[in-house]
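**Q** missing the sequence, but the structure's below:
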């Protein structure tokens, strides 16, 4: 994989590189053991070594840090040292929020810091195959030093990574009073919603109700969001799409990449919120005769859990 120098990468690309483990030596580290990749996160972690152990870090966990080491730092393979242990362990499949700083191994100069400001990065899912090589099973409150050798297109670097927290996969906000005449929502133990439609005709205007009000940052126009959702047709109450029914794994997309009614449900809301939106065909997939092949003409009802938001790349801090 060709990777541009870290200093030139956006915050979004840096997050992808860090978690995918494809920067510098990470792919070889995960591919080298014989047999299938390790199933648990503790076993997936890269080993510590002389390079990662040689890095001293100043600053409180959860805030941007300063790394000190004798430069140039000799790095021959990916190494990882946990310098602060969190209070719990990660489990494969967890979504985590994290912040990190990257330093040039040749000069010890800082290159970029990402993830400590609200709206700067999305929670990411960790598995043995994705992110496990760097995070292992180090839980919330952990601080990790990782050292990666140079590869084509990228310098040797030192990471300082803070695991800020494990993010729930369902909205955690405070329950809000029900709106009379709106669809009702019942939640399963895992947070999956069941939507019951009221009797009568569909609304003639799109309406948005907040079911749970979160305490996180506000979703702004053009943000990329991490969400769970279920959508039903007003015409017959059937579910036509649901992350909960497709493995229960949250998905992400830009607020500008969805139909207007869905965008209305997201922008201006806070992370941790659960929102109910009843959208007219005009704000959904268009007006016309309802048929069985698409959603044209349908009034749609969505319950959306907003789990994270990330500002557009152009306005993200660098």
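**A** The structure has been received and is ready for your questions. Given the structure is predicted, the values throughout are model-derived calculations rather than measurements.

**Q** Rounded mean pLDDT for stretch 208-215, please.
**A** Mean pLDDT, stretch 208-215: 98.

**Q** Name the residues of it that are buried.
**A** 208-214 (16 or more other CB atoms under 10 Å). Yep, even glycine has a C-beta here, placed from its N, CA and C like the rest.

**Q** Quick check: can you list the domain ranges of the chain?
**A** The record, using automatic domain parsing to delimit domains, assigns the chain the ranges 6-167, 174-314.

**Q** Pick the most buried one from these.
**A** Of all the domains of the chain, domain 6-167 has the most neighbours on average by mean count of other CB atoms under 10 Å, namely a mean of 19.

**Q** Report the distance from it to the chain centre.
**A** Distance of domain 6-167 from the chain centroid (CA atoms, centre = their mean, to the nearest Å) equals 16 Å.

**Q** For it, the averaged confidence score.
**A** Domain 6-167 comes out at a mean pLDDT of 83.

**Q** now stretch 178-194
**A** Mean predicted lDDT for stretch 178-194 stands at 96.

**Q** Show residues contacting it.
**A** By CB atoms under 8 Å, 6 or more residues apart in numbering, the surrounding residues in contact with stretch 178-194 are 168-171, 195-198, 207, 209, 211, 228, 230, 242, 244-245, 248, 276, 278, 301, 303, 305.

**Q** Got the confidence number for residue 312?
**A** The predicted local confidence for residue 312 is 89.

**Q** Contacts only, for it.
**A** Contacts for residue 312 (CB under 8 Å, 6+ apart) come out as 222-224, 254.

**Q** mind running it again at 6 Å?
**A** Neighbouring residues of residue 312 by CB atoms under 6 Å, 6 or more residues apart in numbering: residue 222.

**Q** I'd like the distance between it and residue 120.
**A** 11 Å (CB to CB, to the nearest Å).

**Q** just the strands in the stretch 151-300 of the chain please.
**A** 157-167, 174-175, 184-187, 193-196, 207-213, 224-233, 239-242, 251-254, 274-279, 300-310 (DSSP state E, counting those that start in this stretch).

**Q** distance between the last one and the chain's centre?
**A** What it means is strand 300-310. On the basis of CA atoms, centre = their mean, strand 300-310 sits 13 Å off its chain's mean C-alpha point.

**Q** Okay, now the sheet partners of it, with direction.
**A** strand 224-233 (antiparallel), strand 274-279 (antiparallel) (DSSP bridges).

**Q** Export the ones you listed to JSON lines and append columns for distance to residue 133 and mean pLDDT.
**A** Shown next, in JSON lines, are the strands paired with strand 300-310 (distance: least, CB to CB, whole Å; pLDDT from 0 to 100):
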{"stretch": "strand 224-233", "distance to residue 133": "22", "mean pLDDT": "98"}
{"stretch": "strand 274-279", "distance to residue 133": "34", "mean pLDDT": "98"}
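
**Q** Pipe those into TSV and attach distance to residue 42 per row.
**A** Below are the strands paired with strand 300-310 laid out as TSV (distance: least, CB to CB, whole Å):
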stretch	distance to residue 42
strand 224-233	25
strand 274-279	33
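
**Q** quick one: the strands in the stretch 1-150 of the chain?
**A** Using DSSP E, counting those that start in this stretch, strands in the stretch 1-150 of the chain cover 56-58, 66-68, 79-84, 95-104, 110-114, 124-125, 143-148.

**Q** Residue 50 is nearest to which of these?
**A** Residue 50 sits nearest to strand 79-84 of all these, at 7.7 Å, using CB to CB.

**Q** Determine which residue lies closest to the centroid of the protein.
**A** residue 123 (2.6 Å; CA atoms, centre = their mean).

**Q** Does that one touch residue 97 like I think?
**A** Yes - using CB atoms under 6 Å, residue 123 is in contact with residue 97, at 5.0 Å.

**Q** Between the two, which contacts overlap?
**A** With CB under 6 Å, 6+ apart, residue 123 and residue 97 have common neighbours residue 167.

**Q** Could you say which one of the strands paired with strand 300-310 comes nearest to residue 129?
**A** Of the strands paired with strand 300-310, nearest to residue 129 by CB to CB is strand 224-233, at 19.6 Å.

**Q** Residues contacting that closest one from elsewhere in the structure, which ones?
**A** 122-123, 193, 195, 219, 239-244, 250, 252, 254, 266, 298, 300-310.

**Q** could you check the angle strand 95-104 makes with it?
**A** 160 degrees (axes from the mean of the first three to the mean of the last three CA atoms, to 10 degrees).

**Q** relative to strand 157-167, how tilted is strand 224-233?
**A** Using the same axes, to 10 degrees: strand 224-233 against strand 157-167 is 30 degrees.
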